[in-house]
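Q: give me a 3D structure for the following:
(one chain, ligands or ions: 1)
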Amino acid sequence: MGGVGEEMRVLESREWYIASYAPQGVPNSDHLKIRTAKLSLALNSIPERHVVLETLFLSVDPYLRSRMTGREDGLYLPQFNLNEVIIAFGVGRVIKSNDTNYSEGDIVISPVTPLAEYCVASSQSITRKIDPHCGISTPEYISLLGVPGFAAWVGIEVIADPKPGSNVFISAAAGGVGMYAGQLAKLKGCRVIGSTGSDEKVRLIKEEFGYDDAFNYHKEKDFDAALSKYFPNGIDVYLDNVGGRMLEAVLNHVNKHAKIPLCGMISEYNKVWTEREGVRNLLNLVGKEVHMQGFMLGSYMDRFGDFAKEMEGHLKHGKIGSKIKIFHGIDKFLESLGSLFTSCNIGKVVIQVKE
Ligand SMILES: NC(=O)c1ccc[n+]([C@@H]2O[C@H](COP(=O)([O-])OP(=O)(O)OC[C@H]3O[C@@H](n4cnc5c(N)ncnc54)[C@H](OP(=O)(O)O)[C@@H]3O)[C@@H](O)[C@H]2O)c1
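A: This is a model prediction of the structure:
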């Protein structure tokens, strides 16, 4: 612990909280608000086995939106409490420690990082200490080695496990999950096609992430026709990130025993369930004996070690790449969250809070 002068220090920390729930639509400044809290660095204000963290990076993920509806909405994630600080996956630097396992300057990861500039964190909430000089960039720990990388790995490696030559389709293909899922399927020798929301992203996933082909779903609006064109031999695996009309179109093109890992349905998150797109052709699942399976990462934590080892290996050998969209400053949270529901981003969305 620091000296007397240090102990007197009080930090001002801006933090985001939920002022009111947003049952539908993209949450806005009526729902999400920022305030300034004070945080003491005095010796006796930091409990044992706790540290004070300065937040470096925050992971902005679509599931956060599902915790702001104020009701159960299908993902079965607990709702954030009103007036409480929002929490997310994040990377922080220890600036004060009351735990002999952590020293000032350590860089750590926590899945329950407050959306705040600083916080007092229990050591138990820290999942990993990272070496900033090991050749992996710090934001990669919440991208390739974080929620989207793990979701792509579970969807492709664990649930779909496609054979070489399989026809694989991935929606939201240039986003966090999509860019890794496509690259993993290519590493398994599959033919991989993606859909995404701009020509720039179509180019990117073909040129940088090795997709065999891709289409801009804002331009090719007849999804059924597009899938006929890109999948003349049908679809063996569909990693669904968007749900709705795209899922329905896919079901008209599935091959016998196709696998559909349901990762998420972002096209439906801002609607109450009665307004969501209905899928009319589920009967195809029966005739084609399709395996469609929803999954949540929390159920696969026993595989996290395997995942991290494999992905770090791919990264070191240059077999997998990332694009990370960085918003600068804690005040950008609202904008960054809203951006997930547009086609304006490329890659994984994060906030850099401090250098
Ligand atoms: N099951 C799990 O444990 C788990 C874990 C992580 C993520 N997920 C899910 O995986 C999906 C992708 O997450 P991510 O973090 O990788 O996000 P992301 O793809 O980086 O960002 C969301 C993307 O979705 C697309 N999108 C937004 N609104 C859309 C709409 N109405 N119709 C079609 N596409 C739309 C946009 O890309 P384009 O429009 O340009 O394609 C946007 O960039 C989400 O559904 C998320 O909930 C699930």
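
Q: specify the beta-bridge partners of the residue of the stretch 51-200 of the chain found nearest the ligand.
A: With Cβ to the nearest ligand atom, the shortest gap between the stretch 51-200 of the chain and the ligand falls at Gly175, namely 1.8 Å. (Each C-beta comes from the backbone N, C-alpha and C, glycine too.) Gly175 forms beta bridges with Gly347, as assigned by DSSP bridges.

Q: and it, how many residues sit next to it?
A: Other residues near Gly175 number 30, with proximity taken as other Cβ atoms under 10 Å.

Q: pLDDT at it, what is it?
A: According to the per-residue confidence, Gly175 scores 98 in pLDDT.

Q: distance of it from Ile142?
A: Relative to Ile142, Gly175 is positioned 14 Å away (criterion: Cβ to Cβ, to the nearest Å).

Q: name the strands paired with the helix or strand hosting Glu54 and say parallel or antiparallel.
A: Element membership of Glu54, judged by DSSP states H and E, is strand 50-59. Take DSSP bridges as the rule and strand 50-59 pairs in its sheet with strand 87-97 (antiparallel), strand 118-122 (antiparallel), strand 348-352 (antiparallel).

Q: for that strand, give the mean pLDDT please.
A: For strand 50-59, the per-residue pLDDT values average out at 97.

Q: same deal with stretch 87-95?
A: Mean predicted confidence for stretch 87-95 is 97.

Q: what's in contact with that stretch?
A: Applying Cβ atoms under 8 Å, 6 or more residues apart in numbering, the set of residues contacting stretch 87-95 from outside is 41, 51-61, 64, 80, 102-115, 118-119, 121, 130, 138-139, 141-142, 146-147, 354.

Q: next up, phi/psi of Asp199, please.
A: For Asp199, the backbone dihedrals (degrees, to the nearest 10) come out as phi -70, psi -40.

Q: equivalent analysis for the one 10 residues further on, please.
A: Dihedral pair for Phe209: phi -110, psi 0, per degrees, to the nearest 10.

Q: please apply the same query to the one 10 residues further on.
A: Backbone torsions for Lys219, taken as degrees, to the nearest 10, come to phi -90, psi -50.

Q: how deep is it tucked in, by neighbour count?
A: Burial of Lys219, expressed as a neighbour count using other Cβ under 10 Å, amounts to 11.

Q: columns distance to Asp306 and mean neighbour count on top of the strands paired with strand 50-59, output as JSON lines?
A: As requested, those are arranged in JSON lines below (distance: least, Cβ to Cβ, whole Å; neighbours: other Cβ atoms under 10 Å):
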{"stretch": "strand 87-97", "distance to Asp306": "19", "mean neighbour count": "23"}
{"stretch": "strand 118-122", "distance to Asp306": "27", "mean neighbour count": "21"}
{"stretch": "strand 348-352", "distance to Asp306": "21", "mean neighbour count": "25"}
